[in-house]
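In: attaching a predicted model along with its sequence, questions to come.
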Amino acid sequence: MHVIATAGHVDSGKSTLVRALTGMEPDRWEEERRRGLTIDLGYAWTRLPSGQDVAFVDVPGHERFLGNMLAGIGPAPVVCFVVAADEGWQAQSGDHRDAVAALGIEHGVVVLSRSDRATAGRVADVLARTRTELAGTGLRNAPAVAVSAIDGTGLPELRAALDGVLARVPSPATDGRVRLWVDRSFTITGSGTVVTGTLAAGTLVQGDRLQLLGHFDSRPVVVRGLQSRDTSYTSVGPVSRVALNLRDVSAADVRRGDALVTPNAWPTTGVLGIQRTTGVAYTDVPEQLMVHVGTASVPARLRPFGADHARLVLDRHLPLVLGDRLVLRDPGSRSVLGGARILDADPPALRRRGDGAHWAERLAGMDPGGDTLAEVAARGAVEVQHLRRLGLLSEHDPEAPSGIRVLGDWWVHAPVFEAWQHRLRTAVQELQERDPLAPGLSMGAARDLLELPDERLLSPVVRAAGLEQQSGHIRLPGSERNLGAVGTAVAELERRLAAQAFQAPEADELAALGLGTRELAAAERAGRLLRLRDGVVLLPSAPAVAMRTLARLEQPFTTSQARQALGTTRRVAVPLLEHLDSRGWTRRLDAGHRTVVR
């Protein structure tokens with residue numbers, strides 16, 4: 001299916017034309033039919049001579065309902081632009097032209113309606129004026145057909161023209177993420193909540209779990225049922241008019257402008273960096289304005305950075321990505337100010353003096369089609385999934401471009417990665433020089449120093465910087481052997497223990513040597529000493545020496561026998577035997593006996 005939105009001034013005959021093409025009544029309200037004036041969006045569908053199914057979204061033409069018109073035309077890729085041949089180009093025609101231009105719509109048909117009320121010369125004049133007015137839009141070369149919905153003149157030619165236009169519309173992605181802008185929400189007795197919208201990309205399947213991004217909150221919902229053109233389907237692809245029967249939400253909680261999206265596939269943003277595509281220079285527009293995108297209409301505040309670029313702050317978050325087109329409207333005059341393209345859907349906060357100028361310079365240099373390397377460079381490090389959510393990568397994109405380091409799920413700008421290494425190595429070196437006994441820079445301090453967005457990035461930085469991780473600390477390789485002034489005291493203790501391996505020094509002896517807890521810990525990291533519980537300090541070779549002696553005892557042996565064989569005290573023997581147990585060299589049999597594990 002294709003979806004076509006109408007456009008054109010009030011009383012141009014848009015609804016009459018849709019009725020003639022489809023045989024369906026697009027006006028849904030009794031008031032619309034009584035007054036002959038379209039107020040809200042209408043829907044109808046038909047099959048063209050080629051067999052192509054097409055749905056129409058009929059929009060109001062009156063200036064008071066411009067917001068409704070934008071909600072109808074926003075998600076549609078094709079437009080049927082209607083100008084009454086007898087009345088000619090009108091002020092509302094200009095508003096609708098500006099909307100078409102702002103949205104970047106490039107496919108459509110120009111219809112000169114009510115041709116039965118105009119002479120051939122009049123039709124030619126109106127067409128010439130229409131061509132001039134549309135010259136700056138994507139409809140500049142659109143086929144034009146004069147039609148009378150009353151007597152049927154031109155309807156076959158219009159159907160043929162629509163077939164030709166639709167054949168040239170690019171095929172949408174059927175396997176991508178879903179973003180359905182809601183245009184209606186209502187309740188059907190026995191079914192519950194139903195919402196409708198235009199599915200522009202992706203595929204909806206009965207049973208799908210989606211995320212409803214509402215005006216005030218976000219919630220998961222389940223698709224109970226799925227219809228298109230009043231027919232139930234198990235799945236529907238793009239581009240289609242769809243009706244979704246939703247579970248877990250009431251109709252009162254869903255409004256026009258809400259969006260149903262694939263979970264975890266879309267970013268939501270309230271701040272945008274935009275580029276002017278049509279309309280008034282940003283330096284000349286009001287600060288407060290209305291932003292239309294999809295079916296949403298959101299108050300916003302605009303901060304210009306020159307005539308063509310601006311920062312836009314929305315009143316609520318929306319699922320928007322790079323390249324999305326916006327319509328900016330003056331809430332006072334109801335007129336369309338122009339169109340914008342999103343260049344940055346996740347701009348940085350402007351906290352310090354000069355941040356705005358720096359960001360504006362970057363914004364002005366952005367590629368409208370997206371530049372992955374520039375985006376990663378601007379952020380330093382970005383998760384790959386976030387790049388996909390922003391629209392910078394697809395699931396099928398190739399490897400990271402040159403200049404980017406891939407660290408698990410993260411892409412890091414190579415200069416940033418090098419800067420992290422330099423800062424970390426410098427900090428570790430300075431700490432070791434300042435305090436040789438320090439175990440190294442703690443992992444937490446390193447993360448804070450580098451301001452890493454994910455703690456998982458620290459290990460690759462440590463390895464690349466040629467550093468070591470041990471016991472939650474980062475240090476220079478071999479730095480543990482540097483004990484500074486404490487080395488002399490440790491050497492003296494080593495000399496004593498080499499002579500009497502199991503005569504561990506008492507606390508006062510260690511204090512006399514100037515060896516406190518911190519110094520002993522450094523010596524142990526250097527592999528010079530072994531610390532056991534209760535303040536017992538031995539050489540690292542002591543356990544192996546003890547095992548040779550214990551192996552010669554009759555098995556099993558008691559703690560007292562081990563103490564005597566080793567020539568030591570119970571203060572030393574008990575912690576030493578427990579250490580041997582922990583290493584699996586001995587095994588405790590009961591409260592008083594052990595055996596050597598052979």
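Out: Perfect, thanks for sending it. This one's a predicted model, so the numbers in the text were calculated from it and none came from an experiment.
In: and the next helix or strand past the helix or strand of the chain with the lowest mean pLDDT?
Out: The helix or strand of the chain with the lowest confidence, counting by mean pLDDT, DSSP states H and E, is helix 30-35 at a mean of 56. Next along the chain after helix 30-35, taking DSSP states H and E as the criterion, comes strand 42-47.
In: now the helix or strand following that following strand: buried residues?
Out: Next helix or strand after strand 42-47 toward the C-terminus (DSSP H and E): strand 53-58. By neighbour count on 16 or more other CB atoms under 10 Å, the buried set for strand 53-58 is 54-58. Where C-beta positions appear, they are placed from N, C-alpha and C, glycine not excepted.
In: tabulate the CA atom coordinates of strand 53-58 in CSV.
Out: Coordinates of each C-alpha in strand 53-58 appear next as CSV, following Å, rounded to 0.1, in the frame of the first residue of the first chain:
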residue,chain,number,x,y,z
ASP,A,53,-3.6,-0.2,-3.2
VAL,A,54,-3.6,3.4,-2.0
ALA,A,55,-4.9,5.1,1.1
PHE,A,56,-5.8,8.8,1.4
VAL,A,57,-5.4,11.0,4.4
ASP,A,58,-7.8,14.0,3.8
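In: quick revisit: turn the buried residues of strand 53-58 into CSV, including pLDDT.
Out: Shown next, in CSV, are those (pLDDT from 0 to 100):
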residue, pLDDT
V54, 93
A55, 91
F56, 91
V57, 88
D58, 86
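In: wait, which of the residues you listed is closest to V280?
Out: For the buried residues of strand 53-58, the residue nearest V280 by CB to CB is V57; the value is 27.2 Å.
In: who's in contact with that closest one?
Out: By CB atoms under 8 Å, 6 or more residues apart in numbering, the residues touching V57 are 3-6, 41-43, 72-73, 76, 198, 241.
In: try it again with 6 Å
Out: For V57, the contact set (CB atoms under 6 Å, 6 or more residues apart in numbering) comprises 5, 41, 72, 76.
In: ok, the buried residues of strand 53-58 vs R316, which is closest?
Out: Using CB to CB, the buried residues of strand 53-58 come closest to R316 at V57, 24.0 Å.
In: which strand residues bridge the closest one?
Out: Note on V57: beta-bridge partners A5, Y43, judged by DSSP bridges.
In: contacts for stretch 543-552?
Out: 501, 565-566, 585, 596.
In: meant to ask about stretch 380-399
Out: 266-267, 321-322, 345, 370, 372, 375-376, 409-413, 416, 453.
In: looking at those, which one is closest to R229?
Out: For the contacts of stretch 380-399, the residue nearest R229 by CB to CB is W266; the value is 27.0 Å.
In: checking the closest one next. Helix, strand or coil?
Out: Recorded secondary structure, W266: coil (DSSP: H, G, I helix; E, B strand; the rest coil).
In: surely it touches V321?
Out: No - taking CB atoms under 6 Å as the definition, W266 is not a contact partner of V321, at 7.2 Å.
In: the two: which is more packed in?
Out: Higher neighbour count among W266 and V321: W266, with 23 against 19, using other CB atoms under 10 Å.
In: quick check: end-to-end length of stretch 3-23?
Out: 17 Å (CA to CA, to the nearest Å).
In: give me the contacts around that stretch.
Out: Under the contact criterion CB under 6 Å, 6+ apart, stretch 3-23 has outside partners 26-27, 38, 44, 46, 55-59, 61-62, 72-73, 76, 78-84, 90, 92-93, 96, 113-114, 149, 198, 239, 241.
In: with only the CA atoms kept, save stretch 203-210 in PDB.
Out: Presented in PDB, the C-alpha positions along stretch 203-210 are these (Å, rounded to 0.1, in the frame of the first residue of the first chain):
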ATOM      1  CA  THR A 203       6.700  -4.100  10.000                       C
ATOM      2  CA  LEU A 204       4.100  -4.500  12.700                       C
ATOM      3  CA  VAL A 205       3.100  -8.000  13.800                       C
ATOM      4  CA  GLN A 206       0.200  -9.100  16.000                       C
ATOM      5  CA  GLY A 207       1.600  -9.800  19.400                       C
ATOM      6  CA  ASP A 208       4.400  -7.200  19.100                       C
ATOM      7  CA  ARG A 209       5.500  -5.400  22.200                       C
ATOM      8  CA  LEU A 210       5.900  -1.700  21.600                       C
END
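In: could I get the buried residue list for that stretch?
Out: For stretch 203-210, a neighbour-count test (16+ other CB under 10 Å) marks 203-204, 206, 208, 210 as buried.
In: can you list those in CSV and add distance to A101?
Out: CSV is the format used below for these (distance: CB to CB, whole Å):
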residue, distance to A101
T203, 31
L204, 30
Q206, 38
D208, 35
L210, 32
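In: and the residue nearest to D53 when sequence neighbours are not counted, how many neighbours?
Out: Spatial nearest neighbour of D53, excluding adjacent residues (CB to CB, 6 or more residues apart in numbering): M1 at 4.4 Å. M1: 20 surrounding residues under other CB under 10 Å.
In: just the buried subset of the contacts of stretch 380-399, written out for PyMOL, thanks.
Out: Buried subset of these, written as a PyMOL selection, criterion 16+ other CB under 10 Å:
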select buried, resi 266+267+321+322+345+370+372+375+376+410+411+412+413+416
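In: between which two of the buried residues of strand 53-58 is the distance greatest?
Out: V54 and D58 (12.8 Å).
In: could you identify the helix or strand that succeeds the strand or helix carrying Q561?
Out: Following DSSP H and E, one finds Q561 within helix 559-566. Using DSSP H and E, the helix or strand that follows helix 559-566 towards the C-terminus is helix 570-582.
In: what's that following helix in contact with?
Out: 502, 504, 532-534, 536, 562-563, 586, 588.
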